[in-house]
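Engineer: Turn this into a model:
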Amino acid sequence: MFNFFLLFILLVVILTSILAYYIREKYTYYTSHRYPPINNTKKWVDRILQLLMVFNIIGAFVFSNTEIYLIIFIVLVIIQNGFSAYVEYKHEREENEYMISLVWMIGSLIILVGFMFFTFPTTTFDEVMQKYESFNPELIEQLEIENDTWNEDEITYYPATIIEDKQIIDQIFSELSKVEVRNNLFGYEKRADHYSLNIRNREFYYIAVYENYLTIDSEDYRVVGENYLYKLLEESEIDWDNFD
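Structural biologist: Residues are numbered from 1 along each chain as shown. Next up, the predicted model:
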């Protein structure tokens, strides 16, 4: 999913650049007014917005909720281009430079809408698994669960638990089917307590269950609301140290 999003951004940037180049060649007169800027107000607004952009980029890499920081970053880019278009239209309308800023504002807005489309719609575990045509919980007769716990920077691996009780297997997938998720484009901190579900049916499936995330094969998802399966496994009476 992340690769599709990068491809989407690249496509929007290329098309926007082509359109901006065409407008510049066709309708505008070359001007160097951006350096220095048209006036002090624009200069300081640009500096403040650029400083906020830098803070948001740092926040996206340092803190969690990367999506929120990137949304704010794109909104700041939209504001900067919109303000530039307004100032250029007001003070140097005849040069038509405002058209270039307007094009980039629209391109940034398209990226923002696309970003929200890729990340914010919610779905369920059952809907995610529909793309795996051979996956059918009703046919699963054996389930292997591993409980991996982290203590600071050290991980403890417990022996795998083999579950063959069909009632328990059905309960696990019943709880999992109620979990709502959304795409997580930027990964997450995986050095945290989690449960690994290894499913061998017609094919092999791997599901990692964290408190706030799921990994299904190689795709990462953020849990929206309650993670019913994680809660069930946490409250289970399985003795992971001595399970036979």
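
Engineer: Packing partners of the longest strand anywhere in the chain?
Structural biologist: Longest strand in the chain, counting residues (DSSP state E): strand 143-151. When contacts are defined as 3 or more C-beta pairs under 8 Å, 6 or more residues apart in numbering; DSSP states H and E, strand 143-151 sits against strand 154-157, strand 161-163, strand 194-200. In this view, the C-beta of every residue, glycine as well, is placed from N, C-alpha and C.

Engineer: who's in contact with it?
Structural biologist: If you take C-beta atoms under 8 Å, 6 or more residues apart in numbering as the criterion, strand 143-151 is touched by 155-158, 160-164, 169, 172, 191-200, 233, 238, 240.

Engineer: In PyMOL, select just the buried ones from these.
Structural biologist: A single PyMOL command selects the buried members of the contacts of strand 143-151 (16 or more other C-beta atoms under 10 Å):
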select buried, resi 158+161+163+169+172+193+194+195+196+197+199+233+240
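
Engineer: can you pull the contacts of Tyr205?
Structural biologist: 132, 135, 197-199, 216-217.

Engineer: This protein: strands as residue ranges?
Structural biologist: Counting by DSSP E, the strands of the chain are 122-124, 143-151, 154-157, 161-163, 180-183, 194-200, 204-209, 213-216, 219-224.

Engineer: got the end-to-end distance for stretch 134-146?
Structural biologist: 23 Å (C-alpha to C-alpha, to the nearest Å).

Engineer: Revised request: answer the last question for stretch 158-175.
Structural biologist: OK, stretch 158-175 end separation, C-alpha to C-alpha: 23 Å.

Engineer: As JSON lines, the contacts of Tyr205 with pLDDT and distance to Thr16 would be great.
Structural biologist: Converted to JSON lines, the contacts of Tyr205 look like this (pLDDT from 0 to 100; distance: C-beta to C-beta, whole Å):
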{"residue": "Tyr132", "pLDDT": "83", "distance to Thr16": "37"}
{"residue": "Phe135", "pLDDT": "86", "distance to Thr16": "40"}
{"residue": "Leu197", "pLDDT": "91", "distance to Thr16": "43"}
{"residue": "Asn198", "pLDDT": "90", "distance to Thr16": "45"}
{"residue": "Ile199", "pLDDT": "88", "distance to Thr16": "44"}
{"residue": "Ile216", "pLDDT": "89", "distance to Thr16": "34"}
{"residue": "Asp217", "pLDDT": "85", "distance to Thr16": "34"}
